[in-house]
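Engineer: pasting the structure only:
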């Protein structure tokens, strides 16, 4: 319902009003795009089927794309629903065609962030492994020590 109402409001919104609310608005749309509920993600992707809204987005893509790029990339790679994946690829192509350089910048940043997250995850796992080993060693030395 939110996305349906939003589309109706955006159809009558002019660029200056759109620019005043686009950052928080597209943070929320990004969350909708990331939804595992396919109807929510699909409905958010349908916003690009509206010419007026698509034009507002294109005019402001330098602000909007960095906000929603992670959601688009995650959908394209991992969303369980084929329709959502397909619609996501269409939206990604729109952005890629409008500003290829910005699209590449966002892709590189996404890959760097992903790499950093993987590195953090590996460090965390190594820390837990060391703690488990220390706990096991301490438990064994406590068991084998003569009662004192």
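Structural biologist: Alright, I've got the coordinates. Just so you know, these numbers come straight off a predicted model, no measurement behind them.

Engineer: from here on, contacts and neighbour counts on C-alpha atoms
Structural biologist: Will do.

Engineer: From the structure, what's the count of residues near residue 24?
Structural biologist: Using other Cα atoms under 10 Å, residue 24 has 11 other residues around it.

Engineer: Report the helix or strand with the lowest average pLDDT across the protein.
Structural biologist: The helix or strand of the chain with the lowest confidence, counting by mean pLDDT, DSSP states H and E, is helix 100-144 at a mean of 94.

Engineer: Show me how far that one is from its chain's centre.
Structural biologist: Its chain's C-alpha centre and that of helix 100-144 lie 21 Å apart, by Cα atoms, centre = their mean, to the nearest Å.

Engineer: elements contacting it?
Structural biologist: If contacts are counted by 3 or more Cα pairs under 8 Å, 6 or more residues apart in numbering; DSSP states H and E, helix 100-144 sits against helix 61-78, helix 82-98.

Engineer: Can you tell me which of the ones you listed is nearest to residue 141?
Structural biologist: Across the helices and strands packed on helix 100-144, residue 141 has its closest neighbour in helix 61-78 (46.2 Å, Cα to Cα).

Engineer: Correct me if wrong: residue 29 contacts residue 43.
Structural biologist: No. When contacts are counted by Cα atoms under 8 Å, residue 29 is not listed as touching residue 43 (10.0 Å).
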